[in-house]
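Enquirer: 3D model of this:
(2 chains)
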Amino acid sequence: MADQAADFIVIGSGIMGSLVARRLAESGASVLILEAGPRVTRGELVARFRNSPRRSDWMSPYPPSPWAPHPVYKPQDNGYLVQAGPYPYPAEYIRQVGGTTWHWAAHAWRNVPNDFRIKSLYDVGIDWPFSYDELEPFYQQAEELMGVSGAPNTGSPRAKPFPMEPVAEPFAMRRIRERLAGSFDVVSNTTARNSRSYDGRPPCCGNNSCQPICPIDAQYHGGIAAASAEAAGAKLLPDANVFRLEHDTAGRIVAAHYFDPDKGAHRVTGGTFIVAANGIESPRLMLLSASDKYPAGLANSSDMMGRNLMDHPSTSLTFDAEDALWLGRGPQSPSSINTMRDGTFRPDHAPYRLDFTNISRVDNATRALISAGIYGPEFEKRLRQTAAHEMNVKTVLEVLPHPDRRVTLSDQKDAMGLRKPQVHYAIDDYTRRGSASGKRDFQRIADLMGGTNLRFSKDGDYANNQHICGTMSMGNDPRTSVCDGYGRAHDHENLFFASTGVLPTSGTCNSTENGVAVALRSVHHILGAVAPVAARNAVSL
Amino acid sequence: MRIQALLILVALLAPPLSPARAADDAEVKRGGYLAIASDCTACHTAPGGQPMAGGLRMASPLGTIVSTNISPSQEHGIGRYSFAQFDRAVRHGIRGDGARLYPAMPYTAYAKLTDQDMLALYAYFMTAVRPVETSPEHTRLPFPFNMRLSMAGWNILFLDSGTFVSDPKHTSEWNRGAYLVQGAAHCGSCHTPRGFLMQEKSGQPMAGSALGGWFAPNITSDAISGIGGWSVEELTTYLRTGHAPGKAQAAGPMAEAIDASLRHMNEADLRAIAVYLKSVAPVRNSADSRPAFAWGTAGDDLPSIRGVGLPGNLDEMTGPQLYDAHCASCHQSQGQGSFDGALPSLFHNAALGRSRADNLVMVILNGLRRHPDVNMPAFGHALSDIQLATLSNYLTSKWGNPQTQITAKEIGTLRAGGAPSPLLLLARGGMLLIAILLIVALVWWQYRRLSKRQPQAIDPAHTPGE
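Expert: Prediction:
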């Protein structure tokens, strides 16, 4: 096949790659998106979810494709993401058109302003290369694209209102808010979920299956972003698994090489390359692209490529509330406590959010009762009790960047013969002390809710929240960071990253909106700086 | 009548009426209400555009018609229209410059408006509508319809220019309803079948008609095919909200008519419309065996597909699998909809009970949007023609009229905007015939002229000076 070419080659069709591609295409540039995985429709995902015997396994509707696998852990670990320890980092992500936000809780948070300078303020972590104020307009853009709503008082100031009002508060969340009033402020989360028709998509009608799939597109996801990129004129090539970027003698990227599902190799040339293949696959691609000139991989003269892997680990408390709350009506994750996201404690321990789940208890309770051998009338009674009263609150903790937590290449290879990604991870004392503070909050919350049957997560156990960030960290110093504040690789003039991987710190909020806002800021820069140069060059030819 | 005639005389004699004409507030207000009842904005305001500035592109079977600016702009709109010109346009289909309007403008219905209401409408447009200083693109229909003069002949055939006359045998409510239905609300523009030349068939008012993929249903008083089984209250509710529980919900052009026009009308007028419609002569469509809303009961086939994998070729998905994937999240496992009826049930739902699946398919393809926040998403991008045929046939079999089936090919036609009018072909054919006749005539005339030079061929009947 002859080489394809475009002004911009975007690698990855997830929410960030697709929105970047959309903006570039809207400017009139030619844009080609290369997506490793297949094109999948919402209908088949919904059908697979409804038909799954593992309804609480949110990856069950997303089986990995042989030619572009992603990690799954149930019914057993497919071994794709190799764990080097000491603490596991069992990230879940999806390689298909639209990427991982096909299943998410649609949390679309802004950082709080102090998250951008924790080194200066608290002498922990590092500062971002820009301030909250500089990112604010792009947060707004992201929120208008995704259709975000939420409470106004979560610590992130805004110049303009949310594009819509919050989704109606479920009864369970109302009762929790009322019973905790005076001790904790429970507010509605900022989420990319419609409270009314927005952008042609309907409002949430409470299917309570946000994860693994919103069956009606009331919540935004990368599939919608990819469709909007195509509508804007971007060309999207699925089943195109990029395994190497090629550079010239000056270090400019000149081509992307990909395998089709039959391992036929293809080459695509372009003017500017934007890698948007998430915080694990993007560094993997950079490391796989090592050459004689760049033996440690591309964009890696700092040796920072793949390092500083972060997430938001969670500890939790499950208990039976005094009130019948009947979790499961409305969205899965509607409300949280945001008062511990910043403060003078930050030199000592991790900040965190406290998040209340609203996931129906029926599936898990049923399995627990059956596995405990409980049947008949007792089963019905116990199921009813649990479904009505059980509730859960979890911490969403900050992790600081550390070079030893990292993504590398494994010696094992995938079905395409490409080295698998390998993760090295640990939970440090900063985060552990944060979780200890969170545990004290758990106890107070349970007391205020009249809780019984308290079940704390095991000390030292931290659940992964799939918020992969830090691995291609932005910074002003090329010796300590991978790319500049616009996501441009320090080492390669025409290589950009659009990914949560560029976020220098994790803060306490789900990373998607931060990633999207930073990516939109990058596009704004690219259109202001790169595109006019390209246009001049075109004229001079 | 004499006062009206006098008013018209005054209007005709006066210089082109300026906005300063002595129209009182009440008259302007009444004109505004009539403009809403006439749904002027539906066609003359483009989505997101300035009110009455035109520019809406309307697909017609003959090509795209673009609505004009009817704001009182002197240059771009109707600001210079005298009342007489305004009246000729609205009731007779003749533009200010004398050119003919296409009957996409429902002047055959507006012809029923009384003189008094025309004056009110005029007063409203000239004083209460903000002038918009832009011109939309021009309508360019294919030959021969780009010859607007052709409409003159059409008007001779089909324009009944008499205004509405009350029928003393009926109540004033009935008469009000008849006036609105036949006039301002121009219900027949969509609901009356159109004949060979796109004229409304005078013998079958409100008997139902296809319309750009949609089918405007039979709304005669027939108990099976029409709205005979609806109560006046149900009809009134439907006209106000677009939803009559257990009967039907408005979609497509009817949803637009309700949003822009009907829901703004007063309850008495909506009721009058309902009362009149209940008296329109019944027309039975032979294919119909029971009312469209009277089909189906709750039930589901979902247990039968649990544990069965999806086919490798998704075009082979079964009806229940497609329902599970696309519909059940809102319409629920048994097709029962939501507890409060906001998400309608699929049984006892006219969309699934008609003898043709057009509207069901059009709603699935294009979705449904209605005030205040009714939004069924469009599935046109998510379903292939084959999948949609499977799904539609499953829906009608399961919860609607099981006789109503549709093929993937027919769905392809609906996806493309409905069947094109045979009129274009016919008219072009007709033109060809006329051209051939003209050529024959010319040849004959030439022959005669040539023959004339020969003495033996002199025709004494021939007029000189030819």
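
Enquirer: Low-confidence ranges, the stretch 1-150 of chain A, go.
Expert: Low-confidence segments of the stretch 1-150 of chain A (pLDDT under 70): A:1-2.

Enquirer: Strands along that one, start to end?
Expert: Here the stretch 1-150 of chain A has its strands, by DSSP state E, counting those that start in this stretch, at A:4-11, A:31-34, A:82-86.

Enquirer: Out of those strands, which is the most enclosed?
Expert: Among these, the stretch with the highest mean neighbour count (mean count of other CB atoms under 10 Å in any protein chain shown) is strand A:31-34, at a mean of 27. For glycine as for every other residue, the C-beta is placed from the backbone atoms N, C-alpha and C.

Enquirer: Check which helices and strands that one sits against.
Expert: Secondary-structure packing of strand A:31-34 (3 or more CB pairs under 8 Å, 6 or more residues apart in numbering or on different chains; DSSP states H and E): strand A:4-11, helix A:15-26, helix A:222-231, strand A:235-237, strand A:265-275.

Enquirer: Output the ones you listed in a markdown table, with distance to chain B appended to each entry.
Expert: Formatted as a markdown table, the helices and strands packed on strand A:31-34 follow (distance: least, CB to the nearest CB, whole Å):
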| stretch | distance to chain B |
| --- | --- |
| strand A:4-11 | 21 |
| helix A:15-26 | 16 |
| helix A:222-231 | 7 |
| strand A:235-237 | 14 |
| strand A:265-275 | 25 |
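
Enquirer: Can you tell me which of the ones you listed is most buried?
Expert: Comparing these by mean neighbour count (mean count of other CB under 10 Å), helix A:15-26 comes out on top with a mean of 28.

Enquirer: element containing the residue lying farthest from the centre of chain A?
Expert: Relative to the C-alpha centroid of chain A, counting by CA atoms, centre = their mean, A:P377 is the outermost residue, at 42.7 Å. Assigned by DSSP states H and E, A:P377 belongs to helix A:376-389.

Enquirer: Helix or strand next in line after that helix, which one?
Expert: The helix or strand immediately downstream of helix A:376-389 is strand A:390-397, counting by DSSP H and E.

Enquirer: so what does whichever helix or strand comes after that following strand touch, helix or strand wise?
Expert: The element immediately downstream of strand A:390-397 (helix or strand, assigned by DSSP H and E) is strand A:406-413. Packing partners of strand A:406-413 (3+ CB pairs under 8 Å, 6+ apart): strand A:82-86, helix A:278-288, strand A:419-425.

Enquirer: quick one: pLDDT of B:Q456?
Expert: B:Q456 carries a pLDDT value of 43.

Enquirer: for the stretch 1-150 of chain B, what spans make up the strands?
Expert: For the stretch 1-150 of chain B, the strands defined by DSSP E, counting those that start in this stretch occupy B:57-60, B:63-66.

Enquirer: Of all these, which one comes closest to chain A?
Expert: Among the strands of the stretch 1-150 of chain B, strand B:57-60 comes nearest to chain A, with 19.0 Å by CB to the nearest CB.

Enquirer: Need the contact partners of that closest one.
Expert: The contact list for strand B:57-60 (CB atoms under 8 Å, 6 or more residues apart in numbering or on different chains) reads B:C43, B:A46, B:T64, B:I65, B:V66, B:S67, B:Y102, B:A104, B:G212, B:G417, B:S421.

Enquirer: Please check these and keep the buried ones.
Expert: Listed as buried from the contacts of strand B:57-60 are B:C43, B:I65, B:V66, B:S67, B:Y102, B:A104, B:G212, B:S421; burial here means 16 or more other CB atoms under 10 Å in any protein chain shown.

Enquirer: Just the ones of those residues in helices?
Expert: Counting by DSSP state H, these place B:C43 in helices.

Enquirer: Switch the buried ones among the contacts of strand B:57-60 over to CSV; also include pLDDT.
Expert: Listed next are these as CSV, based on pLDDT from 0 to 100:
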residue, pLDDT
B:C43, 91
B:I65, 87
B:V66, 92
B:S67, 93
B:Y102, 84
B:A104, 84
B:G212, 82
B:S421, 60
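
Enquirer: Identify, from the buried ones among the contacts of strand B:57-60, the entry nearest to chain A.
Expert: B:G212 (20.2 Å).

Enquirer: one step back: now tabulate the helices and strands packed on strand A:31-34 in CSV and tack on distance to B:I258.
Expert: Shown next, in CSV, are the helices and strands packed on strand A:31-34 (distance: least, CB to CB, whole Å):
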stretch, distance to B:I258
strand A:4-11, 43
helix A:15-26, 34
helix A:222-231, 29
strand A:235-237, 38
strand A:265-275, 46
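
Enquirer: Next, count neighbours for the nearest residue to A:V20 once chain neighbours are set aside.
Expert: In this structure, A:V20 finds its nearest non-sequential neighbour in A:A498, 4.7 Å apart by CB to CB, 6 or more residues apart in numbering or on different chains. Neighbourhood size, A:A498 [other CB atoms under 10 Å in any protein chain shown]: 32.

Enquirer: Which residues of the stretch 351-466 of chain B lie near chain A?
Expert: Within the stretch 351-466 of chain B, the positions adjacent to chain A are B:G367, B:R369, B:D373, B:N375, B:M376, B:P377, B:A378, B:H381, B:A382, B:L383 by CB under 8 Å from any CB of the partner chain.

Enquirer: tell me which element the last one is part of?
Expert: In this structure, B:L383 is located outside every helix and strand according to DSSP H and E.

Enquirer: How about the one 5 residues further on?
Expert: Secondary structure here is read from DSSP H and E; on that basis B:L388 sits in helix B:385-399.

Enquirer: For that helix, give the mean pLDDT please.
Expert: Averaged across helix B:385-399, the pLDDT comes to 98.

Enquirer: other SSEs contacting it?
Expert: Using 3+ CB pairs under 8 Å, 6+ apart: helix B:385-399 touches helix B:319-326, helix B:350-353, helix B:358-366, helix B:408-415.

Enquirer: Good, we can wrap up now.
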